[in-house]
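Peer 1: here are the coordinates; sequence isn't available:
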């Protein structure tokens with residue numbers, strides 16, 4: 001599958017029909033003369049002309065009025081709007097040159113800017129950039145980069161600055177296999193890393209060739225080239241090589257990630273936002289929009305709308321060109337990206353890893369005595385309780401509970417409940433319960449307080465060994481079945497979805513699942529999309545609530561390939577309320593469960609206040625399953641470690657946190673969830 005690097009125009013800004021540079025120059029002059037300026041007229045005109053046409057307008061402006069158009073725009077406009085309009089008026093190579101000049105001048109270096117520009121530009125764009133830099137600043141770009149960077153990072157930048165990447169589309173199968181083996185031998189297969197081999201291959205081979213090399217590498221190493229780079233390299237060199245790989249796989253996806261990171265959280269990285277929106281508006285903005293929606297379940301248009309304001313926002317939205325949330329279908333090229341992403345995901349053997357493991361030299365009697373001592377007398381030694389509970393597996397905690405009762409004749413959970421308070425009590429008790437006990441309590445809270453708990457639980461545990469125990473213990477604890485509780489607390493299609501999930505009958509082994517059934521279900525989903533909303537919900541429910549996750553992943557993959565439709569956007573567009581939330585959560589979890597929980601954790605902590613129940617529930621339940629994977633997804637998506645995020649959001653002040661650095665859950669436990 002070639003990923004979008006095609007001659008077809010995929011931008012949002014094109015040449016204007018009936019273009020007249022002189023007339024446009026006069027219109028801009030009129031918009032700026034007198035008191036104040038007509039900003040709406042300026043942004044409308046400039047964003048509806050291609051960059052080549054803007055250069056003609058600039059020349060006509062100087063010829064007709066004897067003034068420099070950029071100087072006049074700077075004088076009339078202010079702030080981020082001025083910056084954006086001025087960037088639009090510069091030739092692309094000169095803007096890249098200015099961005100790199102700003103990135104390396106003065107104290108410190110903006111490595112992210114260097115990486116973004118040099119990893120993503122074509123040979124021709126690199127050559128134009130080098131020439132523009134020399135023309136604008138009278139200096140050699142390579143020399144300036146060498147003087148401001150070091151090590152392997154510097155070497156790779158110098159290679160990219162040559163603009164000599166192979167452009168031959170004829171690929172040798174033997175060379176693909178050899179290069180994949182060479183990359184494996186240079187990293188995973190030896191002690192240490194041969195960085196020069198990575199630099200030579202990733203800096204010079206053609207895009208199509210490297211795409212095939214990455215696929216072959218996956219077969220040899222049983223892990224992606226990205227994961228190998230993360231384990232073998234470090235620092236700015238690692239970030240640069242990852243950016244090169246991402247651009248080889250899909251430049252639109254690379255820029256979609258950069259745009260998301262420029263706007264998420266508090267504040268906006270306006271330089272990055274402006275640079276990408278301007279530079280890609282005449283190249284592949286349509287595909288960036290689709291990749292953005294594919295990865296973040298939100299349109300780029302809507303995120304810009306939420307994160308910016310005024311004339312600056314209106315100009316960015318013009319460059320964006322439209323709102324994909326209004327559609328529900330992929331562009332054909334973006335559908336191929338989606339198909340390729342899930343194909344790569346299916347090839348990858350992901351090892352699920354928790355962060356809490358069996359404690360070596362475990363002595364339940366000693367731990368029981370230590371916990372009792374921590375709770376005796378005046379006050380409570382919370383640090384000791386945290387240290388013991390967070391460093392034992394759940395099975396070991398159950399031994400401590402039993403030993404505590406045998407030795408001391410007391411109920412450990414009751415003692416902890418009386419000694420601790422608020423979120424710390426809730427978390428420690430959650431850790432000390434068996435998985436079934438903990439989920440029963442979460443379910444009880446969910447059934448009678450919030451449906452999100454039920455959605456989360458049904459997705460997570462329908463195929464795990466604890467599920468039968470949850471059903472049994474729920475009945476014992478609350479004198480009613482889980483199904484009866486759901487029936488009394490919910491209604492309509494949402495109730496039917498939850499009851500279906502509550503049967504715990506999702507298929508677990510897809511090995512003997514016939515391809516014909518996959519094809520039939522792809523057709524059923526396609527037919528359902530054209531049916532009445534009620535029929536659509538019934539059909540989606542019958543498939544999404546019963547089939548195994550691996551089977552559903554293949555169905556989704558084939559669905560997008562055959563129809564160009566996005567399952568998630570169909571759900572958003574055609575469903576509403578709790579039904580939409582439940583279906584959407586199931587699809588997200590099917591595609592990538594660690595990513596789903598990473599997103600849930602982010603939402604639990606972002607903004608004012610923290611959803612402590614959701615945070616505790618996920619951290620406890622996933623700590624021995626896949627919290628390590630969740631951490632990786634969190635870092636990838638939100639550009640911040642989960643550990644750091646928890647420290648900031650829970651007001652962590654205890655230095656004990658620094659001693660427990662291997663597990664994110666320990667950060668939360670230590671953290672002064674005492675607020």
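Peer 2: Arrived safely. As the structure is a prediction and not an experimental result, all values here were calculated from the model.

Peer 1: State the distance from the closest residue to residue 14 other than its chain neighbours to residue 368.
Peer 2: If the residues on either side of it in the chain are set aside, residue 14 comes closest to residue 50, at 6.1 Å by C-beta to C-beta, 6 or more residues apart in numbering. Quick note: C-beta positions are derived from backbone N, CA and C, even for glycine. For residue 50, the distance to residue 368 equals 75 Å [C-beta to C-beta, to the nearest Å].

Peer 1: same check, this time on residue 12
Peer 2: Where residue 368 is concerned, residue 12 sits at a distance of 66 Å (C-beta to C-beta).

Peer 1: All the helices of the stretch 401-550 of the chain, in order from the start?
Peer 2: Along the stretch 401-550 of the chain, counting by DSSP state H, counting those that start in this stretch, helices occupy 412-419, 422-432, 435-448, 451-461, 467-478, 482-489, 492-502, 515-529, 533-544, 549-563.

Peer 1: what's the least confident stretch among the ones you listed?
Peer 2: Here the helices of the stretch 401-550 of the chain differ in mean pLDDT, and the lowest is helix 451-461 at a mean of 47.

Peer 1: residues near residue 189, how many?
Peer 2: Each residue near residue 189 was counted by other C-beta atoms under 10 Å, and the total is 11.

Peer 1: can you check residue 151 too?
Peer 2: 11.

Peer 1: ok, it touching residue 234?
Peer 2: No - contact criterion C-beta atoms under 8 Å: residue 151 and residue 234 do not qualify, at 10.3 Å.

Peer 1: Below-threshold pLDDT in this structure: ranges please.
Peer 2: 1-8, 325-351, 440, 442-480, 482, 502-534, 564, 607-608, 648-675 (pLDDT under 70).

Peer 1: Kindly recompute the last result at 50.
Peer 2: 1-6, 447-458, 460-466, 469, 510-513, 651-664, 666-667, 670, 672-675 (pLDDT under 50).

Peer 1: I'd like the domain boundaries of it, if you could list them.
Peer 2: For the chain, the TED database gives the domain ranges 22-89, 92-162, 173-249, 252-329, 364-433, 436-503, 593-660.

Peer 1: how about those, which one is nearest residue 578?
Peer 2: domain 436-503 (4.1 Å; C-beta to C-beta).

Peer 1: which residues sit in contact with residue 140?
Peer 2: 133, 134 (C-beta atoms under 8 Å, 6 or more residues apart in numbering).

Peer 1: again, only using 10 Å
Peer 2: Counting by C-beta atoms under 10 Å, 6 or more residues apart in numbering, residue 140 makes contact with 130, 133, 134, 146, 147.

Peer 1: Whichever of those end up buried, select them in PyMOL.
Peer 2: Remark: buried members of the contacts of residue 140, expressed as a PyMOL selection using 16 or more other C-beta atoms under 10 Å:
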select buried, resi 130+133
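
Peer 1: can you list the contacts of residue 140 in CSV and add distance to residue 314 and secondary structure?
Peer 2: Converted to CSV, the contacts of residue 140 look like this (distance: C-beta to C-beta, whole Å; DSSP: H, G, I helix; E, B strand; the rest coil):
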residue, distance to residue 314, secondary structure
130, 35, helix
133, 32, helix
134, 36, helix
146, 41, helix
147, 40, helix
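
Peer 1: Same list (the contacts of residue 140) but as JSON lines, adding distance to residue 620.
Peer 2: Listed next are the contacts of residue 140 as JSON lines, based on distance: C-beta to C-beta, whole Å:
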{"residue": "130", "distance to residue 620": "55"}
{"residue": "133", "distance to residue 620": "54"}
{"residue": "134", "distance to residue 620": "59"}
{"residue": "146", "distance to residue 620": "51"}
{"residue": "147", "distance to residue 620": "51"}
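
Peer 1: just the contacts of residue 140 now: which is nearest residue 101?
Peer 2: residue 133 (7.1 Å).

Peer 1: just checking, the closest one touches residue 142?
Peer 2: Yes - the pair residue 133 and residue 142 passes the contact test of C-beta atoms under 10 Å, sitting 9.4 Å apart.

Peer 1: still on that earlier bit, same drill for residue 50 and residue 368, tell me which one is more crowded.
Peer 2: Higher neighbour count among residue 50 and residue 368: residue 368, with 23 against 16, using other C-beta under 10 Å.

Peer 1: and that one, what is it in contact with?
Peer 2: Per C-beta under 10 Å, 6+ apart, neighbours of residue 368: 388, 399-408, 410, 412.

Peer 1: distance of it from residue 389?
Peer 2: 12 Å.

Peer 1: Same check on residue 259?
Peer 2: Residue 259 is 42 Å from residue 389, by C-beta to C-beta.

Peer 1: swap in residue 114?
Peer 2: 46 Å.

Peer 1: Which single one of the contacts of residue 140 is nearest to residue 42?
Peer 2: Once C-beta to C-beta is applied, the member of those that ends up nearest residue 42 is residue 133, at 28.6 Å.

Peer 1: returning to that earlier point: give me the common contacts of residue 368 and residue 389.
Peer 2: What both residue 368 and residue 389 touch, as defined by C-beta under 10 Å, 6+ apart, is the set residue 400.

Peer 1: Tell me which of the domains of the chain lies nearest to residue 568.
Peer 2: domain 252-329 (5.7 Å).

Peer 1: Please identify which helix or strand holds the closest residue to residue 162 other than its chain neighbours.
Peer 2: Nearest non-adjacent residue to residue 162, counting by C-beta to C-beta, 6+ apart: residue 126, 7.7 Å away. Per DSSP states H and E: residue 126 is located in helix 123-137.

Peer 1: how about that helix: buried residues?
Peer 2: Those would be 125, 126, 127, 128, 129, 130, 132, 133, for helix 123-137 by 16+ other C-beta under 10 Å.

Peer 1: With distance to residue 102 added, can I get these in JSON lines?
Peer 2: Below are the buried residues of helix 123-137 laid out as JSON lines (distance: C-beta to C-beta, whole Å):
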{"residue": "125", "distance to residue 102": "18"}
{"residue": "126", "distance to residue 102": "18"}
{"residue": "127", "distance to residue 102": "21"}
{"residue": "128", "distance to residue 102": "18"}
{"residue": "129", "distance to residue 102": "14"}
{"residue": "130", "distance to residue 102": "17"}
{"residue": "132", "distance to residue 102": "14"}
{"residue": "133", "distance to residue 102": "12"}
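
Peer 1: Nearest to residue 239 among those residues?
Peer 2: residue 126 (19.1 Å).

Peer 1: Surely residue 254 touches residue 292?
Peer 2: No - using C-beta under 10 Å, residue 254 makes no contact with residue 292, being 11.3 Å away.

Peer 1: And the two? Which one has more around it.
Peer 2: Using other C-beta under 10 Å, the more surrounded residue of residue 254 and residue 292 is residue 292, with 26 against 23.

Peer 1: I'd say that one and residue 262 touch.
Peer 2: No - taking contacts as C-beta under 10 Å, residue 292 lies outside contact range of residue 262: 11.5 Å.

Peer 1: Find residues that contact each of those two.
Peer 2: Joint contacts of residue 292 and residue 262 (C-beta under 10 Å, 6+ apart) are residue 303.

Peer 1: quick one, what contacts residue 418?
Peer 2: Counting by C-beta under 10 Å, 6+ apart, the residues that residue 418 touches are 375, 380, 425.

Peer 1: what does residue 79 give?
Peer 2: Going by C-beta under 10 Å, 6+ apart, the list of residues near residue 79 reads 270, 310, 311, 312.

Peer 1: Over to residue 30?
Peer 2: 37, 38, 41 are the contacts of residue 30 under C-beta under 10 Å, 6+ apart.
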